[in-house]
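S.K.: Got a predicted model here, sequence first, then my questions.
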Amino acid sequence: MCPLIKSTYGYHVRKTNPFLEMADLIVAETTCDGKKKMYELLGQTRPTYVLELPQKPNDPDAAGHWRRELVKLQAQLEKRFGVTITEEKLRGAIELMNRERRLRRELAALMQSDNPPLTGRQLLDFKSSISGIEADLQQYQKAIEIFKARLVGVVGAAGAAASQPVRVLLTGVPLVHGVERVLEIIESHGGLVVCQENCTGIKPILEDVECNGDPIQALADKYFKIPCSVMTGTTRRQENLLYLSRLYRAQCIIELTWQACLTYDVESYHIKKLSEEQLGLPYLQIETDYSPSDSARIATRIEALFESIRSQPCFRKTCPSCKP
């Protein structure tokens, strides 16, 4: 089992996660076999409902199946909590979450500049523990204003390329709270994570949910398009990486994989090929767990990667201002 699954189940056994302890219902998803079996165990003592995510997104029946899963979830919520989920309420929730996505995208877009006014670690901290909280949305807006002011203050102050951090696109598994260690190692050894293409980063906020038409269909369309590594026969993740690496002018791609996370581990073959052959960028895969025991080894590998990038004539002369 990967450390994310073991950690989640550990919270369950020890009753130390407030979200699990407060939950009236856990809505789970079939994003890997390990999670599916863990949900079986959770379901023995906690109310759990599992959404079946289509595994073959290009199958003609996949999108329809996913919509039906959301319809069944709606019926389950209405029955369990004695409420009626109307189209009006769904549209209100969609507008609220679209507002949050837009604010998070605007904050993340600041990392596209030559001298971003915040670090990737700081950006990660702006992900809310609970979505759609008005106080959090107001803080997003304040943060955007503050960091934009700092951005104006550093225009034209790029400095020597040799002193600039290496611009990193970080992909792979989610960076859940408490295991931000690899990101911190990257940024404390000469790198700057300008883009986090993962489920705790920009991947789920790239697109909004359509506000017009059938709200259930709009929700199904939006979440069906998110390129989960459990899916087979899809190139959406590669397409996102091509787009994001150019938009954020990444100088390398680092992929984080948890030990025993087979879907991301196998898919790393395609990401390495895309990085080196299509983008011409150095690629590094880091496989680890939540323990800090291998931090020194990871730091050595990252330092070697950055040294090789800094030795390239392109970096010394023009990067990071040049655009691929």
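M.R.: Looks like it came in fine.
S.K.: Quick one: residues contacting Asp136.
M.R.: The neighbourhood of Asp136, defined by CB atoms under 8 Å, 6 or more residues apart in numbering, consists of 100, 128, 130. No exception for glycine: its C-beta is placed from N, CA and C like everyone else's.
S.K.: Report the buried members of those.
M.R.: Burial by neighbour count, 16 or more other CB atoms under 10 Å: within the contacts of Asp136 this picks out Glu100.
S.K.: And the contacts of Asp136, which is closest to Ile144?
M.R.: Proximity to Ile144 was ranked across the contacts of Asp136 by CB to CB; first place goes to Glu100, at 12.6 Å.
S.K.: The closest one against Ser131, yeah?
M.R.: Yes: applying CB atoms under 8 Å as the test, Glu100 and Ser131 come out as touching, 6.1 Å apart.
S.K.: residues in contact with the helix ranked longest in the chain?
M.R.: Across the chain, the helix with the greatest residue count (assigned by DSSP state H) is helix 87-109. Contacts to helix 87-109, defined as CB under 8 Å, 6+ apart, come from residues 123, 126-128, 131-132, 136-137, 140-141, 143-144, 147, 195, 201-202, 205-206, 208-209, 211, 214-216, 218-219.
S.K.: returning to what we had before: got CSV for the contacts of Asp136, with distance to Glu87 and pLDDT too?
M.R.: Rendered in CSV, the data for the contacts of Asp136 read as follows (distance: CB to CB, whole Å; pLDDT from 0 to 100):
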residue, distance to Glu87, pLDDT
Glu100, 20, 97
Ser128, 26, 87
Ile130, 24, 89
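S.K.: if we take the contacts of Asp136, which one ends up nearest to Asp61?
M.R.: Using CB to CB, the contacts of Asp136 come closest to Asp61 at Glu100, 31.7 Å.
S.K.: What's the separation between the closest one and Gln141?
M.R.: 11 Å (CB to CB, to the nearest Å).
S.K.: One more: Val50?
M.R.: Here the criterion is CB to CB. By it, Val50 lies 36 Å from Gln141.
S.K.: what about these two, which has more around it?
M.R.: Between Val50 and Gln141, counted using other CB atoms under 10 Å, the more crowded position is Val50 (18 against 13).
S.K.: Just the element for that one, please.
M.R.: With elements taken from DSSP states H and E, the one containing Val50 is strand 48-51.
S.K.: tell me the mean pLDDT for that strand?
M.R.: For strand 48-51, mean pLDDT rounds to 97.
S.K.: Ok, stretch 22-34 next?
M.R.: When pLDDT is averaged along stretch 22-34, the result is 95.
S.K.: oh, and call the first residue 883 from now on, that's how I've got it
M.R.: New numbering, starting at 883: the last item is stretch 904-916.
S.K.: now for that stretch, what's the gap between its first and last residues?
M.R.: Start and end residues of stretch 904-916 are separated by 24 Å (CA to CA, to the nearest Å).
S.K.: that's a helix at Lys1104, yeah?
M.R.: Yes: under DSSP: H, G, I helix; E, B strand; the rest coil, Lys1104 falls within a helix.
S.K.: name the element Leu952 belongs to?
M.R.: Per DSSP H and E, Leu952 falls inside helix 944-963.
S.K.: and if you look at Gly1095?
M.R.: Applying DSSP H and E, one finds Gly1095 in no helix or strand.
S.K.: Can you report how many residues lie near it?
M.R.: Around Gly1095 there are 11 other residues, counting by other CB under 10 Å.
S.K.: what do you get for Thr966?
M.R.: Summarising burial for Thr966: neighbours were counted as other CB under 10 Å, giving 7.
S.K.: measure the residue nearest to it when sequence neighbours are not counted to Cys1134 for me?
M.R.: Distances taken as CB to CB, 6 or more residues apart in numbering place Glu960 nearest to Thr966, at 6.1 Å, with adjacent residues excluded. When CB to CB is the yardstick, Glu960 and Cys1134 sit 48 Å from each other.
S.K.: just the CA coordinates of the helix holding Leu952, formatted as PDB?
M.R.: Included here for helix 944-963 are C-alpha records, laid out as PDB according to Å, rounded to 0.1, in the frame of the first residue of the first chain:
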ATOM      1  CA  ALA A 944     -17.700   6.200 -20.100                       C
ATOM      2  CA  ALA A 945     -19.100   9.800 -19.900                       C
ATOM      3  CA  GLY A 946     -22.700   8.600 -19.600                       C
ATOM      4  CA  HIS A 947     -21.700   6.100 -16.900                       C
ATOM      5  CA  TRP A 948     -20.000   8.900 -14.900                       C
ATOM      6  CA  ARG A 949     -23.100  11.100 -15.200                       C
ATOM      7  CA  ARG A 950     -25.200   8.300 -13.800                       C
ATOM      8  CA  GLU A 951     -22.800   7.900 -10.900                       C
ATOM      9  CA  LEU A 952     -23.400  11.600 -10.000                       C
ATOM     10  CA  VAL A 953     -27.200  11.200 -10.300                       C
ATOM     11  CA  LYS A 954     -27.000   8.200  -7.900                       C
ATOM     12  CA  LEU A 955     -24.900  10.300  -5.500                       C
ATOM     13  CA  GLN A 956     -27.500  13.000  -5.600                       C
ATOM     14  CA  ALA A 957     -30.200  10.600  -4.700                       C
ATOM     15  CA  GLN A 958     -28.100   9.100  -1.900                       C
ATOM     16  CA  LEU A 959     -27.400  12.500  -0.400                       C
ATOM     17  CA  GLU A 960     -31.100  13.500  -0.500                       C
ATOM     18  CA  LYS A 961     -32.200  10.200   1.100                       C
ATOM     19  CA  ARG A 962     -29.500  10.200   3.800                       C
ATOM     20  CA  PHE A 963     -29.900  13.900   4.900                       C
END
